[in-house]
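**Student:** everything below, folded, please.
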Amino acid sequence: MSTPHATIRHASIEDLDAICGVHARARATYYEGHLATELYSGPAELERQRAGTARAIAARDRIVLCATRQDHLVGFAVLGARFDGDELFHFHIDPEVWRTGTGTALHQACVAEWQAAGIGLARLQVFAPNARARAFYVKQGWEEDGRKDDHVTMQLRMPKLPSPLPPSATAPAARPA
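**Tutor:** Numbers count the residues shown, from 1 in each chain. Predicted coordinates for the structure are as follows:
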């Protein structure tokens, strides 16, 4: 999927360093002042994130999408697309490109993956103090449905795909004899 703002594609292991960089920069913006720095960007946490992302890229039960602008990776999403209620595990956009349409394009690609898999409902958890992310998700159609510790849980019912026209609607009209 391409827009004037971003190109969306599936991730490969070669994207790992760039994904980890985006992840670290994005998390720093919403955890700063709420959690000790060591908990979101200390060496052990950064290695945990890196290992988890590498596993997600290789996993058959996860989809990892990347958003690029001018061949520079600026966002990523990790999602499950196996069953209703599967999760959007990660969704991060580099703060340098916030409000450029990149997040919307990446989100649309996630929805397309869920629709292609026949998923009717997706879930996510977002850090409760992250009002900017929560507002973004609401704008994309997500609804808050609870809390879990310091996170808000949200759900998205997939938009219905336009149904194809019945064969009779596309057949040429019969000509009078």
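**Student:** got phi/psi on the closest residue to Ala11 other than its chain neighbours?
**Tutor:** Once flanking residues are discounted, Ala11 sits nearest to Val64: 3.9 Å by CB to CB, 6 or more residues apart in numbering. Every C-beta, even on glycine, is put in place using the N, C-alpha and C of the backbone. The phi/psi pair for Val64 (degrees, to the nearest 10) reads phi -120, psi 120.
**Student:** my read: Val64 touches Gly75, true?
**Tutor:** No - Val64 is not in contact with Gly75 according to CB atoms under 8 Å; the separation is 11.4 Å.
**Student:** which other helices and strands contact whichever strand or helix holds Gly21?
**Tutor:** For Gly21, the element it lies in under DSSP states H and E is helix 16-31. The contact analysis (3 or more CB pairs under 8 Å, 6 or more residues apart in numbering; DSSP states H and E) places helix 16-31 against helix 37-41, helix 43-58, strand 63-69, strand 72-79, strand 86-93.
**Student:** repeat that for 7 Å
**Tutor:** Applying 3 or more CB pairs under 7 Å, 6 or more residues apart in numbering; DSSP states H and E, we find helix 16-31 packed against helix 37-41, helix 43-58, strand 72-79, strand 86-93.
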